[in-house]
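# One predicted model, sequence on top.
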Amino acid sequence: MSYFKHHVFFCCNQRAAGETCCNDHQASELQAYAKERTAALGLRGKGSVRINKAGCLGRCDDGPVMVVYPDNVWYTFVDKEDIDDIIDNHLVHGRIVERLRLPEEA
């Protein structure tokens, strides 16, 4: 069994001006929000959820992006409501949020 039920990585990469990157779309702020929200819901720690920042995840053109392991589900998002939807549905109830899901191959 995995240490965490879900390990979530947010691409928070910041590229040079003019290059597409997730951090230009509030990725760091929304990662912090997801971390605070999962803590408020009591979802942090062993056997539960871990929210992490990551460098470039290689999908900045689809961004902003996050990936949920061990499910290997990639999402895009634009605001706190999208993050809430992913937390409430995927992380709490195990239901993939299809409207935000990215294809496995882009």
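Received the coordinates, thanks.
# Which residue is the nearest non-sequential neighbour of the spatially most central residue of the chain?
Centroid check for the chain by C-alpha atoms, centre = their mean gives residue 66 as the closest residue, at 3.3 Å. Of all residues not flanking residue 66 in the chain, residue 10 sits nearest, at 4.6 Å (C-beta to C-beta, 6 or more residues apart in numbering). Backbone N, C-alpha and C define where each C-beta goes, glycine included.
# by contact count, what packs against the host helix or strand of the one you found?
Per DSSP states H and E, residue 10 falls inside strand 6-11. If you count contacts as 3 or more C-beta pairs under 8 Å, 6 or more residues apart in numbering; DSSP states H and E, strand 6-11 packs onto helix 27-40, strand 49-54, strand 65-69.
# Would you point to the one among these that's packed deepest?
strand 65-69 (a mean of 21; mean count of other C-beta atoms under 10 Å).
# Need the residues that contact the helix or strand following that one.
The first helix or strand that comes after strand 65-69 along the chain, using DSSP H and E, is strand 73-76. With contact meaning C-beta atoms under 8 Å, 6 or more residues apart in numbering, strand 73-76 is reached by 59, 62-68, 82, 86, 90, 96-97, 100-102, 104.
# thinking again about what came up before, would you reformat the helices and strands packed on strand 6-11 as TSV and include distance to residue 3 and mean pLDDT?
Output for the helices and strands packed on strand 6-11, formatted as TSV (distance: least, C-beta to C-beta, whole Å; pLDDT from 0 to 100):
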stretch	distance to residue 3	mean pLDDT
helix 27-40	15	97
strand 49-54	8	96
strand 65-69	11	97
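# closest one to residue 14 among the ones you listed?
helix 27-40 (8.4 Å; C-beta to C-beta).
# For the closest one, what is the distance to the chain centroid?
9 Å (C-alpha atoms, centre = their mean, to the nearest Å).
# Kindly report the same for stretch 65-83.
When distances are taken as C-alpha atoms, centre = their mean, stretch 65-83 is centred 4 Å away from the chain's centroid.
# And stretch 93-106, by the same measure?
11 Å.
# Kindly export it (C-alpha atoms) in CSV.
What follows is stretch 93-106, C-alpha atoms only, in CSV (Å, rounded to 0.1, in the frame of the first residue of the first chain):
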residue,chain,number,x,y,z
HIS,A,93,-15.1,10.1,-3.3
GLY,A,94,-12.8,8.6,-5.9
ARG,A,95,-14.7,10.0,-8.9
ILE,A,96,-12.6,11.5,-11.7
VAL,A,97,-13.7,14.9,-12.8
GLU,A,98,-14.0,14.4,-16.5
ARG,A,99,-14.7,18.0,-17.4
LEU,A,100,-11.2,18.9,-16.1
ARG,A,101,-9.3,15.7,-17.1
LEU,A,102,-6.5,16.0,-19.6
PRO,A,103,-6.0,13.2,-22.2
GLU,A,104,-3.2,10.9,-21.3
GLU,A,105,-1.5,11.9,-24.5
ALA,A,106,-1.6,15.5,-25.7
